[in-house]
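In: can you look at this prediction? I've put the sequence above it.
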Amino acid sequence: MNVLWIDFWHWLRPSPLFGLTLTLGAFALGQVVARLCRSHPLANPLLLATIFIVAVLLATDVPYADYFEGAKFMHFLLGTATVALAVPLARHTPALRKDFVRIGAGILVGMTVATGSALALVWLFGGDATVLRSLAPKSVTTPIAIGIAERLGGLPSLAVASVMVAGISGAIFGIPLLRRMRIEDPRIVGIALGITSHGIGTARAFQFDVKAGAYAALGMAVTGALLAVILPLCFWLYSRLAALF
């Protein structure tokens, strides 16, 4: 039996199936642990899956590049999953239209604070221009963040890491923090999670309430679309002004 497992491992490790199998298995394990912990905020399946994948890669000495060769398919599905969020948006269109002004104001304020806080932290800790350009799109979903970081001249890998930290931390602490502030309105909860924690926060919002998930999807989509245009424009204007002085 042990010989069969060893042979299977030697076959699987260099195969692109290794990354896909590890990703699916880690997330399934994360869901099991989350259920055993009765969906405690700290037992977030994505966080647990990330820890498990890192542990396996370190223990087996598999380079990240080799792992990602198999995980590319899951990466491709990120865009598909983002587009699929249009379904709950369509179902709640009348309510979204009714709250259009307040939603727009909330998204603009949240987007500004989320991006401004990232830039302020980079400046506070003495980060260079590359770090600044990589962390600027931390408040948008991963596929958009990668595109923005590449366009700004940042590091896509660092942008992805910042997006994951923002998403996981928001999914873990977002709803408990809002409850502590006595905010239970699913519309407010959804917009807050969608802006600050994008796709991961949106998934958490759907667990809270279907309406919250729809509002989170809207917040995430609008934030991503606006920042994809505004951030490159702002950096371009900044470089032009810096050249003048």
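Out: That came through fine.
In: low-confidence ranges, the protein, go.
Out: 1-16, 75, 79, 82, 85, 242-245 (pLDDT under 70).
In: please compute how far the top helix by length along the chain lies from its chain's middle.
Out: Longest helix in the chain, counting residues (DSSP state H): helix 210-244. Chain-centre distance of helix 210-244: 15 Å, with Cα atoms, centre = their mean, to the nearest Å.
In: same question, stretch 128-148
Out: On Cα atoms, centre = their mean, the centre of stretch 128-148 falls 11 Å from that of its chain.
In: now it: buried residues?
Out: Using 16 or more other Cβ atoms under 10 Å as the test for burial, stretch 128-148 gives 131-148. Yep, even glycine has a C-beta here, placed from its N, CA and C like the rest.
In: helices or strands up against the longest helix of the chain?
Out: The contact analysis (3 or more Cβ pairs under 8 Å, 6 or more residues apart in numbering; DSSP states H and E) places helix 210-244 against helix 86-91, helix 93-98, helix 100-124, helix 142-152, helix 186-208.
In: contacts for the first one, please.
Out: Which is helix 86-91. Contacts with helix 86-91, where a contact means Cβ atoms under 8 Å, 6 or more residues apart in numbering, come from Leu96, Phe206, Val210, Gly213, Ala214, Ala217, Leu218, Ala221.
In: just put those residues in a markdown table and tack on neighbour count.
Out: Shown next, in a markdown table, are the contacts of helix 86-91 (neighbours: other Cβ atoms under 10 Å):
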| residue | neighbour count |
| --- | --- |
| Leu96 | 18 |
| Phe206 | 19 |
| Val210 | 14 |
| Gly213 | 26 |
| Ala214 | 27 |
| Ala217 | 27 |
| Leu218 | 26 |
| Ala221 | 22 |
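In: who touches the spatially closest residue to Cys37 that is not a sequence neighbour in this structure?
Out: Of all residues not flanking Cys37 in the chain, Ala43 sits nearest, at 3.8 Å (Cβ to Cβ, 6 or more residues apart in numbering). Shown in contact with Ala43 (Cβ under 8 Å, 6+ apart): Val33, Ala34, Leu36, Cys37.
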